[in-house]
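Trainee: Turn this into a model:
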Amino acid sequence: MRSGRDHRNVGCALVPEDSIDHATLRHHGDVDARPGMLDFAVNVQGDAPPPWLRERLAARLDTLGRYPSAEEELAARTAVAARHGCSPDEVLLLAGGAEGFAMLPRLSPTLAAVLHPSFTEPDLALREAGVEVARVVLEPPYALDPALVPEAADLVVLGNPTNPTSVQHCAATILELRRPGRIIVVDEAFADAVAGEPESLAGLAGSAAPDVLVLRSLTKTWALAGLRCGYWLGAPEVLARLNHGRAHWPLGTLQVEAITATAEPAAVAQAQQHAKVIAAERRSMVERLTALGIEVHTPADGPFLLLHVPDGALLRKHLAEQGIAVRRADTFPGLGPNHLRVAVRGADAVDRLIAAIRAALC
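Mentor: Predicted structure coming up:
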């Protein structure tokens, strides 16, 4: 396979709006994974929720003839609050993390700094609302440097651990971003896939730190992509701004039930045990991919890995022909066509991936 060239936008830049391809920003891994393919493109853990969660959701089907109640919504916020050590009024339930990002323009920032490479929905949501966005593109090893963020930015958005680099930033370094009048938004969609959640700011966000907002998604760990569940953690007055103008009954009964169930202690313990499995599988994948001569970005802490390969487009095509889906990563600002993202999977799935890559490289 022949080598290709990467084109990177490194540093901090106000990218002209007419040069932004919104369709590219909206590209996600589900587009790369057709039904029936071995899926390394999407980071969801499993094809369906665990049996106990399915049973709990199924038990609510007979109640779908009535609207979700305020009591049920409060019970869900109370469960989340207990899980993170905050109060229920510091929790805002969401129909998935993407809904949370769509709310960010309601904070009326004058300049939003979005750290890249990272999940592109916040960048897109802010731009579509007419907010000026400064892209802060980190160079490998993608370590957070607060000095790169414009002082004028009154909203800063970053992921931790970051999709697609799998970098986990130090919580203390994130807090160095704090400035008067600035809100820091931390996307912790994958934090529960890290054993111990050592760098999470979920326990800080709230009245004690009204300038910190943390977003959590239940999509990945609990295989709930089709149900859309998540929540904000933050100060009540900030959450009220995000919630302003929202439709009545924004979440359905099954979404509220799923949020309640997965915040309970037994579920949190199960997620932490699975995070240890992910860590072991990730180590094995790194070793096996590296042995093939593939450049794998490390250290990696998320349930996915960023690869740099020769001729990424051709490799993706070859893998697709073998029924294997991987995530193209050139849609992430700062990465190029030879970057690919692969979800962490078990040994049997990785056997197929390794065999297909080896065949392509020969």
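Trainee: List the buried residues for the helix or strand in which Ala360 is found?
Mentor: Using DSSP states H and E, Ala360 sits within helix 347-361. Residues 349-350, 352-354, 356-357, 360 are the ones in helix 347-361 that count as buried (16 or more other CB atoms under 10 Å). Every residue, glycine included, has its C-beta placed from N, CA and C.
Trainee: Adding pLDDT as columns, could you present those residues in a markdown table?
Mentor: Listed next are the buried residues of helix 347-361 as a markdown table, based on pLDDT from 0 to 100:
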| residue | pLDDT |
| --- | --- |
| Ala349 | 97 |
| Val350 | 98 |
| Arg352 | 97 |
| Leu353 | 98 |
| Ile354 | 98 |
| Ala356 | 97 |
| Ile357 | 97 |
| Ala360 | 92 |
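Trainee: just these now: which is nearest Gly96?
Mentor: Ala349 (25.4 Å; CB to CB).
Trainee: Just checking: what are the partner strands of whichever helix or strand Val156 is part of?
Mentor: Assigned by DSSP H and E, Val156 belongs to strand 155-159. Using DSSP bridges, the strands paired with strand 155-159 are strand 112-116 (parallel), strand 183-187 (parallel).
Trainee: how far does the following helix or strand past that strand sit from the chain's center?
Mentor: Downstream of strand 155-159, the first helix or strand assigned by DSSP H and E is helix 171-175. Relative to the chain's own centre, helix 171-175 is displaced by 18 Å; criterion: CA atoms, centre = their mean, to the nearest Å.
Trainee: Out of the strands paired with strand 155-159, which is closest to Arg127?
Mentor: Short answer: strand 112-116, nearest of the strands paired with strand 155-159 by CB to CB, at 9.0 Å.
Trainee: Show me what the mean pLDDT comes to for the closest one.
Mentor: Taken as a whole, strand 112-116 has a mean pLDDT of 98.
Trainee: ok, and what's touching that strand?
Mentor: Outside strand 112-116, the residues that touch it by CB atoms under 8 Å, 6 or more residues apart in numbering are 12, 104, 122-123, 126, 131-138, 144, 149-150, 153-159, 162, 332-334.
Trainee: What ranges does the chain have for its helices?
Mentor: 22-25, 29-32, 51-58, 70-84, 97-103, 121-128, 171-175, 236-243, 253-263, 265-291, 312-321, 347-361 (DSSP state H).
Trainee: could you dump these to TSV with distance to Ala225?
Mentor: What follows is those, written out as TSV (distance: least, CB to CB, whole Å):
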stretch	distance to Ala225
helix 22-25	19
helix 29-32	8
helix 51-58	14
helix 70-84	19
helix 97-103	11
helix 121-128	14
helix 171-175	27
helix 236-243	22
helix 253-263	12
helix 265-291	16
helix 312-321	21
helix 347-361	18
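Trainee: Of those helices, which is nearest Leu201?
Mentor: helix 171-175 (5.6 Å).
Trainee: Of all the residues in the closest one, which ones are buried?
Mentor: 171, 174.
Trainee: what packs against that helix?
Mentor: Where contact means 3 or more CB pairs under 8 Å, 6 or more residues apart in numbering; DSSP states H and E, helix 171-175 is packed against strand 183-187.
Trainee: For the strand it packs on, what does the pLDDT average out to?
Mentor: In this model, strand 183-187 has an average pLDDT of 98.
Trainee: Could you export that strand as PDB, CA atoms only?
Mentor: Taking Å, rounded to 0.1, in the frame of the first residue of the first chain, the C-alpha atoms of strand 183-187 are listed here in PDB:
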ATOM      1  CA  ILE A 183     -17.600  28.400  31.200                       C
ATOM      2  CA  ILE A 184     -15.700  25.100  30.700                       C
ATOM      3  CA  VAL A 185     -17.700  22.300  29.100                       C
ATOM      4  CA  VAL A 186     -16.200  18.800  29.500                       C
ATOM      5  CA  ASP A 187     -17.600  16.000  27.400                       C
END
